[in-house]
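A.B. asks: This is a predicted model, with the sequence first.
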Amino acid sequence: MRSKLFVPASRPELFAKAFASAADALSFDLEDAVAPERKPQARAELRALLATDDALASGKTLIVRVNALSTPYFAADIDAIARNGVSLVNLPKPEHPDDVLAAAQALEAAERANGVTVPIGLLLNIESPRALRMASELAPAHPRVAGLQLGLGDLFEPLGIARREPAAIQQAMFALRIAAGEAGVFAYDTAFANIEDIDGFRAEAQMARAFGFIGKSCIHPSQIAIANDVFRPSDEDIAHAVRVVEAARTANRQGVGAYVVDGRMIDPPFVERARVLVKDAARLGLLSETQRASLAV
């Protein structure tokens, strides 16, 4: 999920373009992008879309950002969008593990009512000071939690923190990544509002990748290609990871705990990272025939 494109659920004229885009995931938004008076219509448009063959067979990760649990819209949102084909519900503003539990219970009930056969995960927005402080408790609050997503606009603006301040961004990214890592879930990067600042978007995406995030939110189709490029494993990294996995196989047979690959000392943490990278490369179709054959031995 290198790139995730936000799509206002109140803009059905954008749905086909979104499915035709190169985004790995589509996040249909019922929250900030939809005015209160248009939320019922947006909900109905999205429910109809999720019932189509195009949505079910798109091959994209389908996500819906619902309204926060504390709003009068949450229950209707969950009932409308808990459908087969939806992978994740993006939950805004959770601040306590009880919020996560309540959302998971509501989602489970809606799945039963709507005949959903594959459980839908939760992507939690970390977008307030309390949520960032509580991230290590929010992430493991329920097995449905698949990832944590950083929301720097909501986090920084009320505090007067400059949105482009690298030190602040890095601290927030690090805190979220460690919380996600402890819980065994993924970390996902925030949106970047200045559509025209391509270099700024790329730089922030590169920072997120360096902190172990798996992808970046996109608010405009022009940002998709950059996110896909930044979060694509390089050919060099893939080749090294394949060699590490091969060497680990040999070392295990020989009872060796640490060894050298490409001049680097390798032990279990590096092997685990290499296996994740190889898995990602395989999913993206980036492994050569030779690499696939060597890994299959």
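C.D. replies: All right, it came through fine. Numbers count the residues shown, from 1 in each chain.

A.B. asks: What are the contacting residues of the helix or strand M173 falls within?
C.D. replies: Using DSSP states H and E, the element containing M173 is helix 166-183. Identification of contacts with helix 166-183 by C-beta atoms under 8 Å, 6 or more residues apart in numbering yields 126, 132, 135-136, 138-140, 145, 147-148, 150, 152, 155-156, 161-162, 186-187, 189, 204, 207-208, 211-213. (Each C-beta comes from the backbone N, C-alpha and C, glycine too.)

A.B. asks: Mind checking which of these are in helices?
C.D. replies: In this view, the contacts of helix 166-183 that belong to helices under DSSP state H are 132, 135-136, 138, 152, 155-156, 204, 207-208.

A.B. asks: Off-centre distance for the strand or helix carrying A104?
C.D. replies: Element membership of A104, judged by DSSP H and E, is helix 97-114. Using C-alpha atoms, centre = their mean, to the nearest Å, the distance from the centre of helix 97-114 to the centre of the chain it belongs to is 20 Å.

A.B. asks: and that helix, what's its mean pLDDT?
C.D. replies: Across helix 97-114, pLDDT averages out at 97.

A.B. asks: from here on, count from 295
C.D. replies: All right, first residue 295 from here; so that's helix 391-408.

A.B. asks: What's the local residue count around Q548?
C.D. replies: 8 (other C-beta atoms under 10 Å).

A.B. asks: try the one 5 residues further on
C.D. replies: Using other C-beta under 10 Å as the criterion, Y553 is surrounded by 16 other residues.

A.B. asks: Just to check, it is in contact with A545?
C.D. replies: Yes - using C-beta atoms under 8 Å, Y553 is in contact with A545, at 5.2 Å.

A.B. asks: C-alpha coordinates for stretch 550-567, CSV please?
C.D. replies: C-alpha atoms of stretch 550-567 as CSV (Å, rounded to 0.1, in the frame of the first residue of the first chain):
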residue,chain,number,x,y,z
VAL,A,550,25.6,-20.6,11.9
GLY,A,551,24.1,-17.7,13.8
ALA,A,552,25.8,-14.7,12.2
TYR,A,553,27.5,-14.3,8.8
VAL,A,554,28.4,-11.7,6.2
VAL,A,555,26.5,-10.8,3.1
ASP,A,556,27.7,-8.0,0.7
GLY,A,557,30.2,-7.0,3.4
ARG,A,558,27.5,-6.5,6.1
MET,A,559,27.2,-8.6,9.2
ILE,A,560,23.8,-10.4,9.2
ASP,A,561,21.9,-11.8,12.2
PRO,A,562,18.2,-12.5,12.8
PRO,A,563,16.8,-8.9,12.8
PHE,A,564,18.4,-8.3,9.4
VAL,A,565,17.0,-11.6,8.1
GLU,A,566,13.5,-10.7,9.2
ARG,A,567,13.8,-7.3,7.4
